[in-house]
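Participant: coordinates only, no sequence provided:
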Ligand code: GLN
C-alpha cells in the first residue's frame, strides 16, 4: 500500500511533431530530446509518467485546464506564459527563424515576403512573430495546427516561408526535409518544462533536481548529441 502511493504517475502533454524534440521514429514511437530528457529525469527522480502527444497548442490548453500535469514540448519560457504557468529551469536555447523551400533562391529576408503567404503554427512564438510583423512586411498569415502541415505548405509553394524555432528548422534542413533557414535567429526565450501556476510544484522540483543531475552526470549532453551531435 505504502509503496503504491509513493510512486505517482504524472500525465505529460507534448507536441505531435517537433523534431528533434519530439517526433515519431520509423517504428511509430515518440522519440526526441524532450522525450529522452523526461525519461532520464523520471528515472533519476523516481516518478512515472504517461505521455499525451496532443499537438503544441492543444497541450498548452490542456495544461491551462489542468487536464495534464505538465508540458514538455520545446515550450519557450515567455513572460506572457509565466503569468499562467510555472516553468522549470531552462534546458535549451531557441529563437525564431525564417524557413523557405530549399530550392528557392529569391527569398532572402523579411522584405521579400511582401504580398506573399507565411505559414505558422497556432499558439507558438513563430506565430506571434508573424503577427507582430505581418503589416510591416506586407505578408498574410496561414495558420496550421502542426509542423508537418506547416512545412508542407511551404514545400508545395502555397506559402513562401514559415517561421519556426531555429533548432527545429535547422535540424530539418540538415535532415534534408526540403526546407532551409535563411535568417539569423530572433532573440527568443529558451525552452522549459511547464506546470500550471501553483500546481504540481513537487513535479517541478523533481524536474529541476533531475535536470541538474543529468547535466552533472553527462547524460543530458549524451541525449542532445544523440540527436544533433556531430555523429548523430
Ligand atoms: N518554442 C515555440 C513556442 O513555445 C514552439 C513550440 C512548439 O511548436 N512545439 O511557442
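Facilitator: Arrived safely. Note that the structure is predicted; figures quoted are calculated from it, not measured. Numbering: from 1, shown residues only.

Participant: ok, residue 84 to the ligand distance?
Facilitator: Using CB to the nearest ligand atom, to the nearest Å, residue 84 is found at 13 Å from the ligand. In this view, the C-beta of every residue, glycine as well, is placed from N, C-alpha and C.

Participant: just give me the neighbour total for that residue.
Facilitator: 12 (other CB atoms under 10 Å).

Participant: same check on residue 57?
Facilitator: Using other CB under 10 Å, residue 57 is surrounded by 18 other residues.

Participant: which of the residues in the strand or helix carrying it are buried?
Facilitator: Residue 57 belongs to helix 56-64 when assigned by DSSP states H and E. Buried residues in helix 56-64, counting neighbours by 16 or more other CB atoms under 10 Å, are found at 56-63.

Participant: which member of those residues is positioned nearest the ligand?
Facilitator: Minimum distance to the ligand across the buried residues of helix 56-64 is 3.9 Å, recorded for residue 56 (CB to the nearest ligand atom).

Participant: chain center to the longest helix seen in the chain: distance?
Facilitator: Determined from DSSP state H, the single longest helix within the chain is helix 201-217. Offset of helix 201-217 from its chain centre (CA atoms, centre = their mean, to the nearest Å): 19 Å.

Participant: ok, now stretch 218-225?
Facilitator: Distance, centroid of stretch 218-225 to centroid of chain: 18 Å (CA atoms, centre = their mean).

Participant: then stretch 11-23?
Facilitator: Distance, centroid of stretch 11-23 to centroid of chain: 7 Å (CA atoms, centre = their mean).

Participant: now that stretch: average pLDDT?
Facilitator: Stretch 11-23 shows a mean pLDDT of 98.

Participant: got it, and stretch 209-221?
Facilitator: For stretch 209-221, mean pLDDT rounds to 98.

Participant: and for stretch 28-46?
Facilitator: The average pLDDT within stretch 28-46 is 97.
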